[in-house]
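>>> dropping the sequence and predicted coords here.
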Amino acid sequence: MHMVALRQQPGQGHLRHGCAMLSRDRVQRVQHGEALLIHIGLLDALGIDRAHLVGVSMGGMVAQNAAALYPQRVASLTSIMSSTGNPNPRVVLGRPGALRAILSRPAGKVDDDALVEHYVRVFGVIGSPGFAADADLLRHHLRRIVSRGIHPAGTARQLLAILAAGDRRPLLARIAAPTLVIHGRDDPLLPVAAGRDTALHIAGARLEIIPGMGHDLPAGLQPRLVELIVEHCRGALRHSTVD
């Protein structure tokens, strides 16, 4: 039997009170300590000794840290549209329009409808140009997200946590789990160089660059992502059986 467990970051949805201070020390703890403890605590609560970790964007950074710091708990790692914290502008800086989009706030009266339309516009900027967007499906998913709770201060703290984490390349060198790095060739928020840099600093990592993929998970791309992740997890299981 296989179990899929999903975890959201502190500061959003039902965990929106999970990071309440803005000090550098605090945001570092959210990124390196508290977020990892939530990962490991979830595994403990579910009775799972080792798991295949899949992380997207900031979640990819947390999953990378977990693989480095808790190797005995990680059967494999899949890092999607993420980075190492390399400060090189060519690696870390996306297009100005994409950065402005994710930092923007809805204009005028802010209610659920306004938030949904705002995020439709954001994903129109950072999304995947090579995959047709289903506007109705996107609105449906966004409405579910909004209903769980949008907390702008939590988002700001997550961005600060990324900045405070600094350059994690030495930490990533400790990762021994089989690793798959997936990145969109057309990601406007986090350049494809970030994906290449991630794979370069994790020993034995496999890099999959997907043409037309931006900084989202469009419906047309999801079957391919599932295929890649399942193939990677099965390969990691075969590898551990041989060892």
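Arrived safely. Numbers count the residues shown, from 1 in each chain.

>>> contacts and neighbour counts: CA atoms only from here.
OK.

>>> and residue 210, what is it in contact with?
182, 183, 184, 185 (CA atoms under 8 Å, 6 or more residues apart in numbering).

>>> can we see that at 6 Å?
184, 185 (CA atoms under 6 Å, 6 or more residues apart in numbering).

>>> quick one: it from residue 94, how far?
For residue 210, the distance to residue 94 equals 17 Å [CA to CA, to the nearest Å].

>>> what ranges in this protein fall below the confidence cut-off?
Within the chain, the stretches with pLDDT under 70 are 1-35, 151-161, 163, 241-243.

>>> helices and strands around the helix of greatest length in the chain, which ones?
What stands out as the longest helix in the chain, according to DSSP state H, is helix 222-242. Packed against helix 222-242, as judged by 3 or more CA pairs under 6 Å, 6 or more residues apart in numbering; DSSP states H and E, are no other helices or strands.

>>> pull stretch 42-50 out as CSV, backbone CA atoms only.
C-alpha atoms of stretch 42-50 as CSV (Å, rounded to 0.1, in the frame of the first residue of the first chain):
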residue,chain,number,x,y,z
LEU,A,42,4.4,14.2,10.1
LEU,A,43,6.3,11.1,9.2
ASP,A,44,6.4,10.1,12.9
ALA,A,45,2.7,10.7,13.3
LEU,A,46,1.9,8.5,10.3
GLY,A,47,4.3,5.8,11.3
ILE,A,48,6.5,6.2,8.2
ASP,A,49,10.2,5.4,8.6
ARG,A,50,11.3,6.6,5.2
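
>>> so where do the helices sit in the protein?
24-28, 35-46, 58-69, 89-92, 96-103, 112-126, 135-148, 152-165, 169-172, 192-200, 222-242.

>>> residues contacting residue 130?
residue 212.

>>> count of neighbours near the residue nearest to residue 101 when sequence neighbours are not counted?
Of all residues not flanking residue 101 in the chain, residue 122 sits nearest, at 5.4 Å (CA to CA, 6 or more residues apart in numbering). Other residues lying near residue 122 total 20 when counted by other CA atoms under 10 Å.

>>> how close does residue 122 sit to residue 216?
To residue 216, residue 122 is 11 Å away according to CA to CA.

>>> thinking again about what came up before, make JSON lines out of the helices of the chain and add distance to residue 178.
Shown next, in JSON lines, are those (distance: least, CA to CA, whole Å):
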{"stretch": "helix 24-28", "distance to residue 178": "26"}
{"stretch": "helix 35-46", "distance to residue 178": "18"}
{"stretch": "helix 58-69", "distance to residue 178": "10"}
{"stretch": "helix 89-92", "distance to residue 178": "23"}
{"stretch": "helix 96-103", "distance to residue 178": "31"}
{"stretch": "helix 112-126", "distance to residue 178": "29"}
{"stretch": "helix 135-148", "distance to residue 178": "31"}
{"stretch": "helix 152-165", "distance to residue 178": "23"}
{"stretch": "helix 169-172", "distance to residue 178": "12"}
{"stretch": "helix 192-200", "distance to residue 178": "11"}
{"stretch": "helix 222-242", "distance to residue 178": "6"}
